[in-house]
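K.L.:
got a sequence here, can you build the structure:
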Amino acid sequence: MNVASESVVENALDDALSDEMTTSQSGNPILQWISVAALVYLLICAVGLIGTGFKTATGDEAKEMFAFATNPFAGLVVGTVATALIQSSSTVTSIIVGLVAGGLPVSVAVPMVMGANIGTSITNTIVSLGHVREKKEFARAFAAATVHDFFNLLSVVIFLPLEMMFGLLEKLGSLLASLFVVENASMKGMNFVKAATAPVVNNAKHMVENLSDGIGGMILILIGIVMIFLTIHYVGKLLKQLMVGRAKSIMHAAIGKGPMSGIASGTLVTVLVQSSSTTTSLMVPLAGSGAFGLKQIYPFTLGANIGTCITALLAATAVDGNQSAALQIAFIHLTYNVLGVLVIYGVPFLRFVPVRAAEWLGATASENKLIALAYIVGVFFLIPGLCLGISSVL
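P.N.:
You can find the predicted model right below:
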């Protein structure tokens, strides 16, 4: 299909959906909410396809990237790149928990966990590109996505030096782990989101199973990216229609009422879906449509950082090996994210540094779309890759 044909098809789809939305707006908004739910499901499936595609393409070599973490700085970079590629901090932290249980030193694993926090931000940053055709929407959406990046980067700047000098997080994690003894407990099968999306992801995987792992994996990644763009495009249109009246009031009561409400909501939703990438990605269309401001979404993002720790804690109950060390790194993950929120959001002059930086980047990227692409490639791949190469030589 050539570019002209794609444009015709997309315009036809837009016109058809616009007609349907106009009709349903005056008729039955329930159908619109069902459509939003279906599109959100497809968005989650799309993220799952990208992660599955990467794992299919790399096979058993995915864990090999962690072998480069020979020092704290390298560990930070490895955690960032691994999560950016796998598209799931939950997967990466679970791998880290397993590696620690198998003998990886906790001191090496701590920077990896920090890096996973940075790497997970790429998902919602990619999702924001779905708004690229509308300048104002894109500025809002890209700012809402990158505020997560800037918060996590600032958190690393504060806590990595403290960890290297005093072992602060390692000591706190050890203390918390010593209070919990988990015997014969496994909560490995409680990832409801993975179970819900498994039919779509598995069927897509079966479609490419006759191809080589590399080609099949790349096809799954491309399908996932296309699905993200399409779902975000149409979710944004629907939300513009729905985020008025009572629906908007309910959402504002849960998210926009105040920082504590936002943090609590973000934590709860992320605990339920076990994916901060999913939680924060769902906020991007809300920001792009103008339903919520960046300062309202910001606390929700912080809550998502805390809620995502549940996956590592669940994984620590199901590992084979040194469960005490596995629990320690899982609690380090929790402690790091909670302290990050307390320190950065609690200190007035630090509180809105991520917001101001994200607003500036969103406005700049909306003027020149190449800046958005350069930002994603540079922050999540190019700069970490260069740093990893330099650290390995030194």
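K.L.:
which other helices and strands contact the host helix or strand of T267?
P.N.:
Per DSSP states H and E, T267 falls inside helix 259-273. In terms of contacts (3 or more Cβ pairs under 8 Å, 6 or more residues apart in numbering; DSSP states H and E), helix 259-273 is packed against helix 192-207, helix 276-288, helix 294-307. All C-beta atoms are positioned from the backbone trio N, CA, C, and that covers glycine.
K.L.:
can you give me how far that helix is from the chain middle?
P.N.:
14 Å (Cα atoms, centre = their mean, to the nearest Å).
K.L.:
now swap in stretch 92-99 and tell me
P.N.:
On Cα atoms, centre = their mean, the centre of stretch 92-99 falls 17 Å from the chain's centre.
K.L.:
in that stretch, which residues are buried?
P.N.:
For stretch 92-99, burial by neighbour count (16 or more other Cβ atoms under 10 Å) applies to 92-99.
K.L.:
how about the residue most central in space within the chain: what's its closest non-neighbour residue?
P.N.:
Note on the chain: the residue nearest the mean C-alpha position is S277, at 2.2 Å, using Cα atoms, centre = their mean. Distances taken as Cβ to Cβ, 6 or more residues apart in numbering put T123 closest to S277, at 3.8 Å, once the chain neighbours are dropped.
K.L.:
confidence score at that neighbour?
P.N.:
T123 carries a pLDDT score of 82 in this model.
K.L.:
relative to P384, how far out is it?
P.N.:
Distance of T123 to P384, given as Cβ to Cβ, to the nearest Å: 16 Å.
K.L.:
comparing these two, which shows the higher neighbour count?
P.N.:
Between T123 and P384, counting by other Cβ atoms under 10 Å, T123 is the more crowded of the two (28 against 23).
K.L.:
which residues are contacting the helix or strand containing that one?
P.N.:
Using DSSP H and E, T123 falls within helix 121-128. Applying Cβ atoms under 8 Å, 6 or more residues apart in numbering, the contact partners of helix 121-128 are 43, 47, 83-84, 87, 138, 141-142, 144-146, 148-149, 152, 225, 228, 232, 277-278, 280-281, 283-285, 288, 372, 375-376, 380.
K.L.:
chain center to that helix, what's the gap?
P.N.:
7 Å.
K.L.:
repeat for stretch 367-377
P.N.:
Per Cα atoms, centre = their mean, the centroid offset for stretch 367-377 relative to its chain is 19 Å.
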